[in-house]
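**Q** can't give you the sequence, but here's the structure:
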């Protein structure tokens, strides 16, 4: 049998998916044991006990200075910024993307601007955001919006333009006006695609969030990582990185399941 025709079963696929993670853990464990055997105080590759102790200290013990559970506080702050930024970006993408896709006059007016904004490196304008919006929450949220909204706008507009032309002809033949074309034809078919666009934007959104928190913040996952790096506290940094990865995976899977639950017709096509 040709390899291209060999499809693993559910159990086999799960095991194959876990294999790279297990190999990474094995390699790290062996390297950590070797370094700690030479130097028990080595900070570069902390062992499992060191990282477990750090997580317990950061997540389950009150900070002596502030009285807060630092990991919980950082997670709450980062998720609030991420949710607000991605939410605003998704709303803008939905409105502007549909208008660009459906209305030729709007597309002629806004499409060049959206294309230009999507090419601007968001981190390059971070100092401008701090100058304009200050060092508070608004600048961090705006960085996420500016970094993700234009790409999602272009994606939504492209999805609208890919809708079958027969649908547009039929709905207009039945007497629909522009508003009805948008709300009854374009919007229902674009919403599941918007969720896919949000999922694809989560990676860049996390990047912009952590960059903003690292530069100007007093709490947050990115802030904590860059704060402890001066002490070479890899026992804190690595668990934080793993925690961010877990959060990103959980959010992505929640969006995927929401998409499947709300729009089964869309996912039935193999999306």
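**A** Noted; the coordinates are in hand. Predicted model, so just to flag it, every value in this text is computed and none were measured. Numbering: from 1, shown residues only.
**Q** Need phi/psi at the residue nearest the centre of the chain.
**A** In the chain, the C-alpha nearest the mean C-alpha coordinate belongs to residue 202, at 1.4 Å (C-alpha atoms, centre = their mean). Torsion angles at residue 202 (phi, psi; degrees, to the nearest 10) stand at phi -60, psi -40.
**Q** Residue 10 and residue 243, how far apart?
**A** 28 Å (C-beta to C-beta, to the nearest Å). For every residue, glycine as well, the C-beta is placed using N, CA and C.
**Q** do residue 174 as well
**A** Taking C-beta to C-beta, one finds residue 174 at 52 Å from residue 243.
**Q** quick revisit: ok, the residue nearest to the centre of the chain - contacts?
**A** Contacts for residue 202 (C-beta atoms under 8 Å, 6 or more residues apart in numbering) come out as 86, 248, 251, 252.
**Q** how does it look with 6 Å?
**A** Going by C-beta atoms under 6 Å, 6 or more residues apart in numbering, residue 202 touches residue 248.
**Q** Residue 179 too?
**A** Contacts of residue 179 (C-beta under 6 Å, 6+ apart): none.
**Q** okay, it: pLDDT?
**A** What the model reports as pLDDT for residue 179 is 89.
**Q** Flag the shaky bits of the stretch 101-250 of the chain, pLDDT-wise.
**A** Within the stretch 101-250 of the chain, no range satisfies pLDDT under 70.
**Q** Tell me which stretches of this protein form helices.
**A** Shown for the chain, the helices assigned by DSSP state H span residues 10-38, 48-60, 70-102, 104-118, 126-133, 137-161, 165-173, 178-180, 187-215, 221-228, 234-262, 264-267.
**Q** Next, count neighbours for the residue lying closest to residue 256 once chain neighbours are set aside.
**A** Computed as C-beta to C-beta, 6 or more residues apart in numbering, the closest residue to residue 256 that is not its neighbour in sequence is residue 199, at 6.8 Å. Residue neighbour count, defined by other C-beta atoms under 10 Å, stands at 16 for residue 199.
**Q** Okay then, goodbye and thanks.
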